[in-house]
Every structure is written in C-alpha cells, then in structure tokens.
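> Sequence unavailable; structure follows:
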C-alpha cells in the first residue's frame, strides 16, 4: 500500500452532474441532491443506488421521474472522477414538508434492468462461464466485466425462455471453477463492473498482499503534535465495529457445506457408486484459506455428512442447478461462511470493493499487563473477505460500511 495518494481531507469528494433522463428530455438535479447510498454484495447481481432528493421546486410533479428513467452522477476524488449511471425502478419514502418534498429514487444497474425483460431462448454449447460471458456482452451497453473466471467442462444447454437475469444466476451456480472445487458467483461491484468468480478467487489474488489494512482501537503511530490532517492513520482507522449476533456457529457452517459432505453418483450400467467427498478439517490448506488455522476445532466435530444422489435428487433445493462434473463443487458450493461476520465503519476511499481481501488489526480488550500476550485480539484480527459494502456519498464526504467475513483464524 506504499505510495498511495492520501487526500488532505480523507474521504472528501465532489458531487456534480446529477442528471436524470427520460426519453429525449433531461434535467440537472445536482442542486436537489442530498445523498447517494450505493449498496453492493457478492450475493447480489446488481448494486442498488438510493438517491435522496430534497425537492423545493416541485420537480417530482413537473418532470415526473418514473421507472425506467436513467440517472447519472459524477463523483470527483483528488485525482480522478467516477461516472455512475443507473436505471430508476421506483420512487419511495415520499415525505411532504409544506415548502418542499423529500423522496428517494431507487435504482439498479442498466444490465439488471434490461435483464428483467429480455429472454434467453436457444441452445448454447461451451463452458458455462463462456456461455455466461456471451449472454452478458450481448445485453450490456454500459457496465463492463471485471474478473471473469473460466469454468470446467463443455456443456450443451437449452434455455427455456428464461430471463437474462435468471439465466446468469443459474449459470453461475452451475459453473465449477478450474482452480478449486467450488462454484461461481455473479455480482456487480461498487465500481459497477460485473464479476463471474468464486469468492475464493479473492484469496488467490490478495492473500499475500491484502487490498487494504485497517486498525481498530490501536494508538496510531503518528499521534502527537506533529500529526497532520491527511495522515494515513485517519484513512486506515476503523471508526466503529459491530459484531453480528451469531458468531462461530457450527450450524451455519454445516448447513452452508463448509464442514463436510459426500456425493454418491451411481453408474446404473455398471451398478457402482462413485463417491466424491469433502472434509474441511482434513483438506484445510492455509494456502487457499485467508488465515493459517481452521475456524473450528476438529476434536469437537461429531461427524456426519450431508449426502444426496446427484442423479436422482433433482427435487431438492438447488440440486437441479448442479451438473455432473466429478468434483466436490456441488457439495462445497462457493460460499462465504457466515459464522464469523463483523461490520465496520470507515472513511470512504475508492480502493476498497467487494470481492477483495482486507486485513484488520483489532486491539485486545483486556487491560495492559506484563502477562498479556501482545496487543492484538487474535480471535477477531486477521484477513477478511469484503462480503458487502454500503457507500454513503453526500455533498462533499464519502463514508463506507463494510461487512467482513472470514473462515479461518490467525492462531493463538
């Protein structure tokens, strides 16, 4: 992270050119803009954008913004500008204040909006990731692809007039990653780029060098009379942290397929079974996990397996999405195990995005003493996946709320 250009005012932005377009008509509503909330998650195929509008000129009546209109915005940083464009899907939270109205323009991506209406109705042959890439490129006119990983296995698929959105979600669940036995996710990041990848790809990219490092409740190294307003400490400090209600839940981990599973694929001609199994403890490899030790203790695991016959159990939830590739990806579906989840609030910056790995140091809560082993809380410190993100942009400041997930421990 050396060499990054930190602004004099960390989190500062400049909002301009908030333009709404309806057919051939357009209007600049920058003066009415109060706030943009941009929500992204590795579990959602579109970002959602909420424009908070303070309307003292009766714009809602005169221009009549409606579903399908396009709204765009320029967000200026210290040395570059981001251009975002969305489709309005509804107007909500209308409040009347006598002299003005407040309301929210709720928006989605252009690709998602178009994908609600357009259908896939033909037979396509190739890898499922390649088929998905073709459908995506045929139906996008603004958003671009970012990370698009290759799947294994050539297939011929007949699409029965599914929507583009349903087709893309189905193809992601069906796609086995070539680098590990896991399935893909199709999601849009907070830069409005689309990704077709398993979350484990982030560990491959960022494990040796996380995208960013945050610290919580640790005295900054540059504190004192010589500290300057644009210090790196301001940008890397966690302002608030919230622990989710359920932590280290073996039930959630087991149900997500994280712990163990087996698939029995019968060969009815030869009257044999071909078992494919997965065990978190036996196959734990620190090279493909975020941290060096498992999250649960093996000696507390009672055993037992989730199992089904992949050729006959097509009525079970999600099983019909799984092809017959002979690996463990249909029992170890790519997932971010939600047994250890935290939310942090930090100063906004254009570096952090969902699908990345960040590092977090949290100070140990007990009082300082000679018997305390270091100052880091080793249960909650470590590397985390950025699972979801909420960017809040007002007239001149950006804030971020990050939901972080990890599936392993740094050790004790």
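Thanks, I have the structure now. Remember, predicted model here, so these are calculated numbers, not experimental data.

> Show me the strands in the stretch 201-350 of the chain, by range?
For the stretch 201-350 of the chain, the strands defined by DSSP state E, counting those that start in this stretch cover 213-216, 238-243, 260-267, 272-279, 293-294, 306-308, 341-347.

> Of all those strands, which one comes closest to residue 366?
Minimum separation from residue 366 across the strands of the stretch 201-350 of the chain (C-beta to C-beta) falls at strand 213-216, 15.2 Å. Yep, even glycine has a C-beta here, placed from its N, CA and C like the rest.

> what about the closest one, distance to the chain center?
Distance of strand 213-216 from its chain centroid, counting by C-alpha atoms, centre = their mean, to the nearest Å, is 20 Å.

> what residues does it touch?
If you take C-beta atoms under 8 Å, 6 or more residues apart in numbering as the criterion, strand 213-216 is touched by 1, 236-238, 241, 344, 346, 358-363.

> Among the residues you listed, name the least confidently predicted one.
Within the set of these, pLDDT is lowest for residue 1 (34).

> Quickly list the domain ranges of this protein.
As given by automatic domain parsing, the domain ranges for the chain are 14-108, 114-197, 203-247+338-409, 251-330.

> For the chain, give me the ranges with low pLDDT.
For the chain, applying pLDDT under 70 flags the ranges 1-8, 218-230, 265-267, 302-326, 367-374, 412.

> Could you rerun that using 50?
1-7, 220-228, 307-320 (pLDDT under 50).

> ends of stretch 280-294, how far apart?
End-to-end distance for stretch 280-294, by C-alpha to C-alpha, to the nearest Å: 8 Å.

> before we move on, the earlier item: can you put the domains of the chain in TSV and add mean neighbour count?
Listed next are the domains of the chain as TSV, based on neighbours: other C-beta atoms under 10 Å:
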stretch	mean neighbour count
domain 14-108	16
domain 114-197	18
domain 203-247+338-409	17
domain 251-330	15
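
> Distance check, the closest residue to residue 351 other than its chain neighbours against residue 352.
Spatial nearest neighbour of residue 351, excluding adjacent residues (C-beta to C-beta, 6 or more residues apart in numbering): residue 212 at 5.9 Å. Residue 212 sits 6 Å away from residue 352, going by C-beta to C-beta, to the nearest Å.

> Can you pull the residues that touch both of the two?
The contact sets of residue 212 and residue 352 overlap at residue 358 (C-beta under 8 Å, 6+ apart).

> Give me the distance between residue 235 and residue 398.
11 Å.

> next one: residue 71
18 Å.

> Pretty sure residue 135 sits against residue 119.
No: under the criterion of C-beta atoms under 8 Å, residue 135 is not in contact with residue 119, lying 10.6 Å apart.

> Overlap in contacts, these two.
The contact lists of residue 135 and residue 119 share residue 164, where a contact means C-beta under 8 Å, 6+ apart.

> Just the endpoints, please. Distance across stretch 100-114?
End-to-end distance of stretch 100-114 (C-alpha to C-alpha): 33 Å.
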